[in-house]
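# The following block contains a protein sequence and its predicted model.
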Amino acid sequence: MEKPDLVVVGNGMAGARAVEEILERGGGRQFRISMFGDEPYGNYNRIMLSHVLAGDDAVHKNDLAEIYLNPLDWYADNDIALYAGVRVVRIDRFARKVFADDGTILSYDKLIIATGSRTFFPPTDGMWLDDRTLTPGVFGFRTLDDATAMLDYAAERRTAVVVGGGLLGLEAAYGLQQHGHDVHVVQSGPTLMNQQLDDEAGGILRTVVERMGITVHTGKRTAALRAHDGSVSAVVFADGTALDCDMVVVTAGIRPNVGLGVISGLTVERAIVTDDQMRSVDDADIYAVGECAQHRGEVYGLVAPLWEQATVLANHLTGADPKAAYHGSRIATKLKVAGVDVAAMGVKGPQRPDDEWVRFAEPKRGIYKSVVIRDGRLIGAMLLGDTKQVAFLTQSFDRGLPLPEERVELLFELAGPGEEQGAAEMDESVQVCNCNGVSKGELVACVRAGTHTVGGVMTATRAGKGCGACKGLVRDIVEWAVTEDGGEVGEDESASWYVPSIPMDKPTLIAAVREQNLRSVSQVFAALAPDGEDAASKMPLTSLLRVVWNGEFVHENDAKFINDRVHANIQRDGTFSVVPQIKGGVTTAEQLRRIADVADKYAVPMIKITGGQRIDLLGVRKEDLPGVWADLDMPSGYAYGKSFRTVKSCVGTDFCRYGLGDSTDLAVKIEQQYQGLESPAKLKLAVAGCPRNCSEALVKDVGVVAVDDDRWDVLVGGAAGASVRRGDVLATVDGHDEVVRLAGVFMQYYRENARWLERTYDFVPRVGLSELKAILVDDRDGVVTGLEERMQDAVDAYHDPWQDGRDPRGPGQFADNLPLIPLPQVPVRRAADGSLQSSAAGKIGARP
């Protein structure tokens, strides 16, 4: 007997979660499942978009593996036909068919609408070019494409205005600010995050945000946008004032996507109206879930209610619990906003004369706490900057627990259990991870199933994989649950492994590679990987072999990222950027003429001055790379790989009135010595001729600052990207030669001991400054001489990779290729035997 058809319209977080719940209840055996999604991807975590925008290492726009909840393989593994990038435009409820914009028509027996929501663009003059096209430079912030488009556009701009001071607006502002932009947040009302915070908390949050360098404008209503040369140039306010800008991000709210429900004759108020089983009130075979659903007058925009709705829907649809009913959600949320911990639940303030309202504020530290109590029960709470009590307060809010007579105790750890005890007393139904809908009970079940490490539980349940605000509580629960079972929390053995496929830490792996003379990634896999090759391990192993053998190892192209294969940084459209070496940021008129001539000859569309005092030629075609390098006749600047990149400098004693040391000469010496050095992650350096820090040496991987006449502080572990960290002073030394030597000793130790992609600003705190001083400055372990010798071997093995242009490693190294942009997707159709077949390379596709 043929299975009935279940069609899901929407492949976002709610739709995919509903399908996951259905599959867990055996729905894959009950239904043939098809899913439509507007976006040409698998299901991803929208909460992580702020991390993409901020440029976090784990979710960089060119490497988005961490953001995906269900990659395309998941659909194939579960026999789901996915129509990615295809929109359903109409439902014929009488014929039980859905019609898509690519001509696809599918029959359904049961239908789930999970179309989510979209950015609300307030009526504003100048915002739109036409009914469908925003003015260039104006963006919403709702999808992955929104985030990547903003990043691409922002790369050439300096000033951004974010319209809307809610959660999403502050995240957008924070993300853009991490890229060095001058960011303004415009809020029409008086309070930031007014949906979650009261006026006092909003005022404290404003102070915290402004300390970050973001300018906040409250009480300003946006009336119009001005444009110049075809793109946005200013925001005009209702009071007649204006704010010049290069781009505008609109985060003024969201609106449910209900057009499909309207055109299909379903009852729509604010969203598609459903009953307690999440069915449309008009059609028992059509369900709605997520932000497009309205239940008992409420439309929920947070993740936790969506998960609860998905559970009820799956129970009812599969028959696992025909009486399952959704009765609404009590909203309690904990999250990070622009790096600030925020928790909110229930009401924001007293609503009746006899409501109790207890508050604590410490504005200088960015802390605010309040609770609202009615008839002895907690009905609201707000925590800003200090959320240690959130677990206890959440349980009190959800369960109506008795409260201490001294209400102020609720705001501090004097009340109720501490964090560890709180993990023990927390009810198992309490949701711990709001981003991925993971309860305490699920964490405990994972532990009881045999996973006794914090990392293992997080991987298995996804808890802590969203904004990260719950990681501490996840740790407490895992540790408590393991102890309850009479066990001990295990160390994540794999956490110390250099690569996932080889059970060795980095020093042990290096020793094995040397001992067994393994000189290719294939040899390393064959000798040391118990389960064979692992794609995720190839690039880290290539880096390690370069560190161990310098130039004397076997190159295998499939073990390199495209950037390393062609010695240039791939761009979104498949072209490359070329950054020639300009040591210390010092160039000559002759070099500038050659760069200009090359740009003209190869029609380079953009020439950009980088933050590292270099010149970037953007938009170079792959087949033109050898010619560009030859005509430039300059070494590679290594702006594409995990390596030593640049040494910024100020003008030092040559021209500066404040210079204490010749920073320019020292920067050139360091870059000449260590150019192109292979590294676990990129290395950025700077030299400052005095403590005024004009070259930003205080926040570099290695920074050198003159503190007296040719006397220098050598700092390590600085950062000025998604997070800012002042480097730690490793030592104060005299003379250029000693600076160059000590910098080399530190970098060699880092090369041999850091994890893959671990920047120095994580490595230094992990090892500890005192330990680094003991090893590298005091030579406690007698390893400095060896580090110096191995560093010198690496320096002696230097080879300019751009010489490959004259003698390519293979005929295809610089051959033309298709642009790396999304290509048309061809549906896969189901054969008579029920298997999925494709008529062309493309997506997991649809059935007729």
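All right, it came through fine. Numbers count the residues shown, from 1 in each chain.
# In the top helix by length along the chain, which residues are buried?
Secondary structure of the chain per DSSP state H: the longest helix is helix 736-753. Buried residues in helix 736-753, counted by 16 or more other CB atoms under 10 Å: 736, 739-753. Where you see a C-beta, it was placed from the backbone N, CA and C, and this is true even at glycine.
# One more: stretch 609-629?
610, 612-622, 624-629.
# try stretch 496-516
497, 498, 499, 501, 502, 503, 504, 506, 509, 510, 513.
# So which of these is the closest to residue 124?
The nearest member of the buried residues of stretch 496-516 to residue 124, counting by CB to CB, is residue 499 at 51.0 Å.
# Report the spatially nearest residue to the closest one, omitting neighbours in sequence.
The spatially closest residue to residue 499, leaving aside those adjacent along the chain, is residue 537, at 3.7 Å (CB to CB, 6 or more residues apart in numbering).
# what residues go with each domain of the chain?
If you go by automatic domain parsing, the domain ranges for the chain are 5-117+256-318, 121-252, 332-410, 431-490, 496-560, 564-641, 644-796.
# Between those, which one is closest to residue 424.
Going by CB to CB, the one of these nearest residue 424 is domain 431-490, 5.1 Å.
# and the closest one, what's its mean pLDDT?
Averaging pLDDT along domain 431-490 yields 80.
# now swap in stretch 84-103 and tell me
So the average pLDDT for stretch 84-103 ends up being 94.
# residues of that stretch that come out buried?
84, 85, 86, 88, 91, 93, 96, 98, 100.
# Which elements pack onto whichever strand or helix holds residue 152?
Applying DSSP states H and E as the criterion places residue 152 in helix 144-154. Judged by 3 or more CB pairs under 8 Å, 6 or more residues apart in numbering; DSSP states H and E, helix 144-154 is in contact with helix 49-54, strand 138-140, helix 167-177, strand 247-250.
# Can you list the neighbours in contact with the shortest one?
For strand 138-140, the external contacting residues (CB atoms under 8 Å, 6 or more residues apart in numbering) are 118-119, 121, 127, 134, 146, 149-150, 153, 225, 232, 247-251.
# now, among the residues you listed, which is nearest to residue 703?
residue 150 (30.3 Å).
# roughly how far apart are the residue nearest to that closest one when sequence neighbours are not counted and residue 151?
Spatially, and ignoring its direct neighbours in sequence, residue 150 is nearest to residue 139 (5.1 Å; CB to CB, 6+ apart). Using CB to CB, to the nearest Å, one gets 10 Å for the distance from residue 139 to residue 151.
# related to what we said a few turns ago, dump the domains of the chain into a markdown table; add distance to residue 805 as well.
Listed next are these as a markdown table, based on distance: least, CB to CB, whole Å:
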| stretch | distance to residue 805 |
| --- | --- |
| domain 5-117+256-318 | 24 |
| domain 121-252 | 26 |
| domain 332-410 | 43 |
| domain 431-490 | 42 |
| domain 496-560 | 16 |
| domain 564-641 | 3 |
| domain 644-796 | 15 |
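# closest one to residue 807 among the ones you listed?
Proximity to residue 807 (CB to CB) singles out domain 564-641 among the domains of the chain, at 9.7 Å.
# most surrounded residue in the contacts of strand 138-140?
Comparing the contacts of strand 138-140 by number of neighbours (other CB atoms under 10 Å), residue 249 comes first, having 28 neighbours.
# Tell me who's in contact with it.
138-141, 150, 160-163, 169, 172-173, 176.
# I'd like these laid out as JSON lines, including pLDDT and distance to residue 390.
Listed next are the contacts of residue 249 as JSON lines, based on pLDDT from 0 to 100; distance: CB to CB, whole Å:
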{"residue": "138", "pLDDT": "96", "distance to residue 390": "37"}
{"residue": "139", "pLDDT": "96", "distance to residue 390": "33"}
{"residue": "140", "pLDDT": "94", "distance to residue 390": "31"}
{"residue": "141", "pLDDT": "93", "distance to residue 390": "26"}
{"residue": "150", "pLDDT": "91", "distance to residue 390": "31"}
{"residue": "160", "pLDDT": "94", "distance to residue 390": "32"}
{"residue": "161", "pLDDT": "96", "distance to residue 390": "33"}
{"residue": "162", "pLDDT": "96", "distance to residue 390": "27"}
{"residue": "163", "pLDDT": "96", "distance to residue 390": "30"}
{"residue": "169", "pLDDT": "92", "distance to residue 390": "23"}
{"residue": "172", "pLDDT": "92", "distance to residue 390": "25"}
{"residue": "173", "pLDDT": "92", "distance to residue 390": "24"}
{"residue": "176", "pLDDT": "90", "distance to residue 390": "28"}
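# Out of these, which is nearest to residue 374?
Of those, the one sitting nearest to residue 374 (CB to CB) turns out to be residue 169, at 31.6 Å.
# what's the closest non-adjacent residue to the closest one?
residue 251 (3.8 Å).
# Give me the pLDDT value at that neighbour.
94.
# re earlier: and the helix holding residue 152 with helix 167-177, angle?
Interaxial angle, helix 144-154 versus helix 167-177 (axes from the mean of the first three to the mean of the last three CA atoms, to 10 degrees): 40 degrees.
# Off-centre distance for helix 144-154?
In terms of CA atoms, centre = their mean, to the nearest Å, the centre of helix 144-154 is found 13 Å from the chain centre.
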